[in-house]
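Chemist: A predicted structure for the sequence below; I have some questions about it.
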Amino acid sequence: MAKRERVVRMSVEQPLWRALMAYRVLTLGYAVLLFVFTRDTFERPWVAIGFLAVLSVWTLATLPRVAGAAACTRRFLGADLALALTGILLTPVADVHAQTFDGPTLPSIWTAGSVLAYAIKGGWRWAAFASSLVAVANIVERGHPSQDTLHNVLLVWVASIAIGYVVEVARASERTLARALEIEAATRERERLARDIHDSVLQVLAMVQRRGAALGGEAAELGRMAGEQEVALRTLVAGGLARTSRVSEDASLGAVVREVEEPDDGPADLRRLLVPHAGSRVTLADPGAPVLLAPAAARELAAAVGAAMDNVRRHAGPDARTWILVEDWPDEVIVTVRDDGPGIPDGRLAQAEGEGRLGVAQSIRGRLRDLGGTAELISVPGQGTEVELKVPKGSRGKAER
């Protein structure tokens, strides 16, 4: 990952650093030529010559420093900006009339290159810092700044911040792309493993199930267990592929000004918590898209479903079939657990609560009550039991209150 990040960063920033190198050389030449054509107006030309000589040596000697982000350290940026500010403040010393007329400073537009280095290295915040110092130096150099001076200062300030922001957006975009490529590679690997599993393990389990059913006796029980494992493995593989594919889509379409990874306190997909319940006698039906709830609410709802499944196994018997239906509505999530067992006799729940067995009362209804939702149990003797769990979308759960 670190290697890929270095490659990505180079792909975004390298053209900018190369352009900055060329800019510094060209603006140095411009500053020198500007002095050559206007040297007769300087009261102390030796001050300008001395500064431009230092500026020329510094610019040419430090070209490798602006060739990339690694070499362009904070110490170098500070020294570079200090040189630009010194040149601005030395302008009225070399040319007394510089404060009267809106002429160029000694470094002229070379100063913008120093500010741009801050923008490329650290983004818009660094650019705002550097350009603000340059603005103060220009105002101090002019003494009584004119409208043109203020206009130029504001132009450099806005332009540098805009470039810094663009650099940050470009970096975020590249990180998003790198993450999407990683997820795509992981998806391809998972699909390959799924094909291998399908061609080997799943086919063996299916064969054991068929042969066991044909042989009968203990072999039939082994066949039944193999069938359950086959269904569980298929569900696990399919669920993993769906989640990976969904994350890949979110990464490629996500905003480029933020990281792809979801925050730790982001919504949880209820389907992932219900997948372990699926089996040969348990059918899980979901919308086919993430069912998002607050993490605590999703865990509590999944626990309530688990309690309902425990009741099915305890009271309906091992041969009962169960269906779990997940519905994702705009304002609420509904999970229905239905079985084809013998049902619950009238008055049995009240009797259980009176005897201190509070599985339905606390494990199911209590959890839903804490979530601001409801739990409704419908049972007809001889026709099975249906538990309907409703949770509002805005619920955050007892653990997060």
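Modeler: Arrived safely.
Chemist: Strand partners (parallel or antiparallel) of the helix or strand containing residue 338?
Modeler: Under the criterion of DSSP states H and E, residue 338 resides in strand 332-339. Applying DSSP bridges, strand 332-339 is found paired with strand 322-328 (antiparallel), strand 385-392 (antiparallel).
Chemist: Near residue 88, how many other residues are there?
Modeler: Close neighbours of residue 88, defined as other CB atoms under 10 Å, add up to 23. Quick note: C-beta positions are derived from backbone N, CA and C, even for glycine.
Chemist: thinking again about what came up before, how about the strands paired with strand 332-339, which one is nearest residue 70?
Modeler: Ranking the strands paired with strand 332-339 by proximity to residue 70 (CB to CB) places strand 322-328 first, at 48.1 Å.
Chemist: tell me the mean pLDDT over the closest one?
Modeler: Average pLDDT, strand 322-328: 92.
Chemist: Now it: buried residues?
Modeler: Neighbour counts using 16 or more other CB atoms under 10 Å place 322, 323, 324, 325, 326, 328 of strand 322-328 among the buried residues.
Chemist: Ok, stretch 332-351 next?
Modeler: 332-333, 335-344, 349.
Chemist: of those, closest to residue 26?
Modeler: Closest approach between those and residue 26, by CB to CB: residue 333, at 62.3 Å.
Chemist: Just confirm that closest one contacts residue 325, I think it does.
Modeler: No - here residue 333 does not reach residue 325: they are 11.3 Å apart, not a contact under CB atoms under 8 Å.
Chemist: sorry, back to before: in the buried residues of stretch 332-351, find the pair that's most separated.
Modeler: Using CB to CB, the pair of the buried residues of stretch 332-351 lying farthest apart is 332 and 342, separated by 30.6 Å.
Chemist: Report the spatially nearest residue to residue 292, omitting neighbours in sequence.
Modeler: Using CB to CB, 6 or more residues apart in numbering and skipping the chain neighbours, the partner closest in space to residue 292 is residue 267 (3.8 Å).
Chemist: Distance check, that neighbour against residue 296.
Modeler: Look at residue 267 and residue 296: by CB to CB, to the nearest Å, they are 11 Å apart.
Chemist: ditto for residue 131
Modeler: Taking CB to CB, one finds residue 131 at 46 Å from residue 296.
Chemist: The two: who's more crowded?
Modeler: Neighbour comparison, residue 131 and residue 296: the larger count goes to residue 131, with 28 against 19 (by other CB under 10 Å).
Chemist: Could you export the strand or helix carrying that one as PDB, CA atoms only?
Modeler: Taking DSSP H and E as the criterion, residue 131 maps to helix 124-142. Below are the C-alpha coordinates for helix 124-142, written out as PDB (Å, rounded to 0.1, in the frame of the first residue of the first chain):
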ATOM      1  CA  TRP A 124      -4.600  25.600   0.600                       C
ATOM      2  CA  ARG A 125      -3.800  26.200   4.300                       C
ATOM      3  CA  TRP A 126      -0.100  26.500   3.700                       C
ATOM      4  CA  ALA A 127      -0.700  28.600   0.600                       C
ATOM      5  CA  ALA A 128      -2.900  31.000   2.700                       C
ATOM      6  CA  PHE A 129      -0.100  31.300   5.300                       C
ATOM      7  CA  ALA A 130       2.600  32.100   2.800                       C
ATOM      8  CA  SER A 131       0.600  34.500   0.600                       C
ATOM      9  CA  SER A 132      -0.600  36.400   3.700                       C
ATOM     10  CA  LEU A 133       3.100  37.000   4.700                       C
ATOM     11  CA  VAL A 134       3.800  38.200   1.200                       C
ATOM     12  CA  ALA A 135       0.800  40.500   1.300                       C
ATOM     13  CA  VAL A 136       2.000  42.000   4.600                       C
ATOM     14  CA  ALA A 137       5.500  42.500   3.200                       C
ATOM     15  CA  ASN A 138       4.100  44.300   0.100                       C
ATOM     16  CA  ILE A 139       1.900  46.600   2.100                       C
ATOM     17  CA  VAL A 140       4.900  47.500   4.400                       C
ATOM     18  CA  GLU A 141       7.100  48.000   1.400                       C
ATOM     19  CA  ARG A 142       4.700  50.400  -0.200                       C
END
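Chemist: starting at the chain centroid, how far to the next helix or strand after it?
Modeler: Counting by DSSP H and E, the next helix or strand C-terminal to helix 124-142 is helix 147-197. Centre-to-centre, helix 147-197 and its host chain are 12 Å apart (CA atoms, centre = their mean, to the nearest Å).
Chemist: can you give me the angle helix 147-197 makes with helix 124-142?
Modeler: 170 degrees (axes from the mean of the first three to the mean of the last three CA atoms, to 10 degrees).
Chemist: so how far is residue 91 from the residue lying farthest from the centre of the chain?
Modeler: Going by CA atoms, centre = their mean, the residue of the chain most distant from its centre is residue 40, 59.6 Å out. Look at residue 40 and residue 91: by CB to CB, they are 16 Å apart.
Chemist: can you list the weak-confidence ranges in the stretch 251-400 of the chain?
Modeler: 251-265, 346-363, 395-400 (pLDDT under 70).
Chemist: Could I get the full set of strands for it?
Modeler: In the stretch 251-400 of the chain, the strands defined using DSSP state E, counting those that start in this stretch lie at 268-269, 282-285, 292-293, 322-328, 332-339, 374-379, 385-392.
Chemist: Name all residues that make contact with residue 16.
Modeler: Applying CB atoms under 8 Å, 6 or more residues apart in numbering, we find residue 16 in contact with 120, 167.
Chemist: Could you say which helix or strand holds it?
Modeler: Using DSSP H and E, the element containing residue 16 is helix 2-38.
Chemist: Give me the angle between that helix and helix 147-197.
Modeler: Using the same axes, to 10 degrees: helix 2-38 against helix 147-197 is 160 degrees.
Chemist: Tell me the gap between helix 2-38 and the middle of its chain.
Modeler: 31 Å.
Chemist: same check, this time on stretch 114-125
Modeler: Distance, stretch centre to chain centre, for stretch 114-125: 24 Å (CA atoms, centre = their mean).
Chemist: Which positions in it come out as buried?
Modeler: 114, 115, 116, 117, 118, 119, 120, 121, 122, 123, 124.
Chemist: Give me the average confidence score over that stretch.
Modeler: 91.
Chemist: Quick one: residues in contact with that stretch.
Modeler: With CB under 8 Å, 6+ apart, stretch 114-125 has contacts from 13, 16-17, 20, 23, 66, 69, 72, 77, 80-81, 83-84, 126-127, 129-131, 134, 156, 160-165, 167-168.
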